[in-house]
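Visitor: my questions are about this predicted structure, shown below with the sequence.
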Amino acid sequence: MNTPREHRTPENSLILITTAMGVGMHLGAWRYRTGEASDYLDLEFYKHIARSAERGVLHGLFLADTLALSEENLERPNLGALDPIVVLSALASVTDRLGLVATSSTTFNEPFNLARRFSALDHLSGGRAGFNVVTTFVPDVAANFGASDLPQHDNRYARAEEAMDVITALWHSWGQDALIGDKTSGVFADREQVRPINHAGQHFSVRGPLTLPRTRQGRPVVFQAGASETGRQLAARTADAVFTVQNTRSAASEFRADLRRRAEGFGRHPDSVKVLPGLVPVIGRTREEARARKLALDELSADAELRKLALRVGVPVDALDLDKPLPVDLIRANPSFNASHGFRDAVVRLAVEENLTVREVLYRNGGGHAQVVGTPDDVADLIIDWYRNGAVDGFNLMIDVLPDGLDDFVDLVVPRLQDHGVFRTSYQGTTFRDDLGLSPVLQTVS
């Protein structure tokens with residue numbers, strides 16, 4: 001086992017990344033906001049979001065990738081309709097320091113293509129790319145890729161484990177100094193530093209090498225979003241950051257401590273994995289204003305949140321009585337559950353620990369993530385509390401309505417976090433990896 005190296009921890013090291021999910025995380029966002037329902041297809045919409053995030057010195061912009069219509073069911077803009085690599089490649093030209101994180105599935109992509117796409121984004125952005133590794137838990141996706149059924153949970157993760165080994169090897173298939181570009185001698189690249197990977201495994205056979213040299217930050221920053229046993233193992237072994245679902249501070253603390261222990265078990269320094277739960281801030285200048293915003297959004301979404309909750313926990317909609325507790329026994333007794341364990345387990349824990357009815361769960365559970373409805377001080381207080389108590393390294397902000405919800409967070413919450421000394425006022429280093437306080441990647445070719 002390798003001895004874990006020391007990792008730099010910059011001052012004011014709270015990490016904040018924002019998502020752009022459709023036109024907002026809340027199911028009623030498209031009806032509540034000003035602007036066209038089709039804005040999620042408009043590059044100017046994403047430019048506004050990216051520039052606002054960079055103005056707030058946020059670490060990154062995170063995009064989902066949705067491969068079927070079933071979760072939104074044509075009731076609202078799809079949360080990841082556009083290919084995130086395409087969108088973020090365009091945004092690389094209008095931002096300078098913002099990290100650019102795209103989601104892609106290892107279940108329905110080949111590792112060579114993934115390695116190449118993310119390396120290309122990393123080059124074009126000057127070392128600001130991030131790859132959010134997912135295994136796809138929506139059953140209907142399979143039919144869009146020639147399969148009748150979604151692979152079982154453990155099989156999806158076995159494929160992901162091997163895919164990440166291949167992708168990492170491809171990113172490392174060019175040595176650090178392989179690209180020479182000497183016009184006088186006519187030597188473009190040192191052939192001895194560019195080697196095939198010759199991978200032959202259960203799921204993939206890939207010769208390599210990659211068609212692109214190493215990037216400024218060594219390789220894209222790797223995010224992972226699984227919370228099951230196999231998901232945690234994959235994250236502890238391969239991820240630089242984990243986008244997780246945690247609805248209480250105690251659950252977040254336990255998850256972070258567990259992941260750090262697992263990372264050490266793989267010979268990694270525990271600080272080498274940053275834990276970033278999703279957080280939905282619903283912001284008003286007063287608490288009354290925030291509650292009014294939340295209630296208006298809930299009314300506009302009708303019963304869509306209830307149907308989504310049923311899908312996420314694996315029970316029929318008619319099993320969820322709004323004024324009764326969540327049917328935990330029924331949820332846990334479902335042997336065929338093949339969706340996200342993280343979403344299911346987080347909502348069950350929230351409901352049990354706080355003895356919530358289904359109606360209360362829907363109000364508290366922001367599309368599956370922790371939610372705070374209140375003033376900028378209320379939002380800042382929750383963030384500071386979780387961060388200073390060691391529950392998180394930061395948050396992935398699941399903005400309720402875009403772009404105004406993000407603008408409010410940047411203008412009203414960020415200054416409060418800076419005043420409390422937990423959030424920085426400028427970007428750090430020259431790459432996304434630097435900015436997250438991660439050690440450099442030293443690449444060699446064997």
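Guide: That came through, no problem. Numbering: from 1, shown residues only.
Visitor: C-alpha from now on. contacts and neighbour counts both.
Guide: Fine.
Visitor: residue boundaries of the strands in the stretch 101-250 of the chain?
Guide: 129-134, 179-182, 187-189, 199-200, 205-206, 221-224, 241-244 (DSSP state E, counting those that start in this stretch).
Visitor: can you pull up the most central residue in this protein?
Guide: What sits nearest the mean C-alpha location of the chain, by Cα atoms, centre = their mean, is Phe243, with 4.5 Å.
Visitor: mind checking how far it is from Gln224?
Guide: 6 Å (Cα to Cα, to the nearest Å).
Visitor: looking at it, His123 is touching Gln217, isn't it?
Guide: No: in this structure, His123 is not within contact of Gln217 by Cα atoms under 8 Å, at 9.2 Å.
Visitor: what sits against Phe112?
Guide: Val166, Ile167, Leu170, Val206, Gly208, Leu210 (Cα atoms under 8 Å, 6 or more residues apart in numbering).
Visitor: now do the helices in the stretch 101-250 of the chain.
Guide: Secondary structure of the stretch 101-250 of the chain (DSSP state H, counting those that start in this stretch): helices at 111-124, 153-171, 229-238, 249-265.
Visitor: quick one: low-confidence ranges for the stretch 201-350 of the chain?
Guide: Counting by pLDDT under 70, the stretch 201-350 of the chain contains low-confidence residues at 338-342.
Visitor: burial measure for Arg291, as a count.
Guide: Other residues lying near Arg291 total 17 when counted by other Cα atoms under 10 Å.
Visitor: and Ala251, by the same measure?
Guide: Ala251 - counted by other Cα under 10 Å - has 16 other residues nearby.
Visitor: okay, it and Tyr40: tell me how far apart.
Guide: Taken as Cα to Cα, the span from Ala251 to Tyr40 is 33 Å.
Visitor: swap in Ser301?
Guide: 18 Å.
Visitor: and the two? Which one has more around it.
Guide: Taking other Cα under 10 Å, Ser301 and Tyr40 do not tie; Tyr40 has more neighbours (23 against 20).
Visitor: now do the same contact list for that one.
Guide: Neighbouring residues of Tyr40 by Cα under 8 Å, 6+ apart: Gly22, Val23, Tyr46, Pro77.
Visitor: pick out the most distant pair among these.
Guide: Longest distance between any two of the contacts of Tyr40 is 14.4 Å, between Tyr46 and Pro77; criterion Cα to Cα.
Visitor: how long is stretch 421-439 end to end?
Guide: Start-to-end, stretch 421-439 (Cα to Cα) is 23 Å.
Visitor: what do you get for stretch 196-208?
Guide: 4 Å.
Visitor: same check on stretch 170-178?
Guide: In stretch 170-178, first residue to last residue: 14 Å (Cα to Cα).
Visitor: ok, back up a step: do I have it right that the residue nearest to the centre of the chain meets Gly394?
Guide: No: Phe243 is beyond contact range of Gly394, at 9.8 Å (criterion: Cα under 8 Å).
Visitor: what touches both of these two?
Guide: The contact lists of Phe243 and Gly394 share Val275, Leu276, Pro277, where a contact means Cα under 8 Å, 6+ apart.
Visitor: ok, how many other residues are close to the last one?
Guide: Counted by other Cα under 10 Å, the residues lying close to Pro277 total 25.
Visitor: which residues touch the residue nearest to it when sequence neighbours are not counted?
Guide: Nearest non-adjacent residue to Pro277, counting by Cα to Cα, 6 or more residues apart in numbering: Thr244, 4.5 Å away. Contact analysis of Thr244 by Cα under 8 Å, 6+ apart lists Ala225, Gly226, Ala227, Val275, Leu276, Pro277, Gly278, Gly342.
Visitor: repeat the analysis, applying 7 Å as the threshold.
Guide: Applying Cα atoms under 7 Å, 6 or more residues apart in numbering, we find Thr244 in contact with Ala225, Gly226, Ala227, Leu276, Pro277, Gly278.
Visitor: try Pro209
Guide: Counting by Cα under 7 Å, 6+ apart, the residues that Pro209 touches are Leu170, Ser173, Val194, Arg195, Pro196, Ile197.
Visitor: look up how far Gln202 lies from the nearest residue to it once chain neighbours are set aside.
Guide: What sits nearest to Pro209 in space, not counting adjacent residues and going by Cα to Cα, 6+ apart, is Pro196, at 4.3 Å. To Gln202, Pro196 is 19 Å away according to Cα to Cα.
Visitor: looking at those two, which has the bigger crowd around it?
Guide: Pro196 (15 against 8).
Visitor: hang on, the more buried one packs against Leu210?
Guide: No: contact between Pro196 and Leu210 fails when scored by Cα atoms under 7 Å: they sit 8.0 Å apart.
Visitor: what sits in contact with each of these two?
Guide: The contact sets of Pro196 and Leu210 overlap at Ser173 (Cα under 7 Å, 6+ apart).
Visitor: out of the contacts of Phe112, which is most surrounded?
Guide: When the contacts of Phe112 are compared by neighbour count (other Cα under 10 Å), Leu170 ends up highest, at 30 neighbours.
Visitor: what's near enough to touch that one?
Guide: Ala115, Ile197, Gly208, Pro209, Leu210.
Visitor: most widely separated two among these?
Guide: Greatest spatial distance in the contacts of Leu170: Ala115 and Ile197, 12.8 Å, computed using Cα to Cα.
Visitor: count of residues packed around Asn73?
Guide: 11.
Visitor: ignore what I typed, I meant Glu353.
Guide: 9.
Visitor: roughly how far does it sit from Gly35?
Guide: Applying Cα to Cα to Glu353 and Gly35 gives a distance of 40 Å.
Visitor: before we move on, what about Ser228?
Guide: Taking Cα to Cα, one finds Ser228 at 39 Å from Gly35.
Visitor: who has more neighbours, the two?
Guide: It is Ser228, of Ser228 and Gly35, that has more neighbours when counted by other Cα under 10 Å, with 17 against 13.
Visitor: tell me if I'm right that Val422 and Leu14 touch.
Guide: Yes: Val422 is within contact range of Leu14, at 5.9 Å (criterion: Cα under 7 Å).
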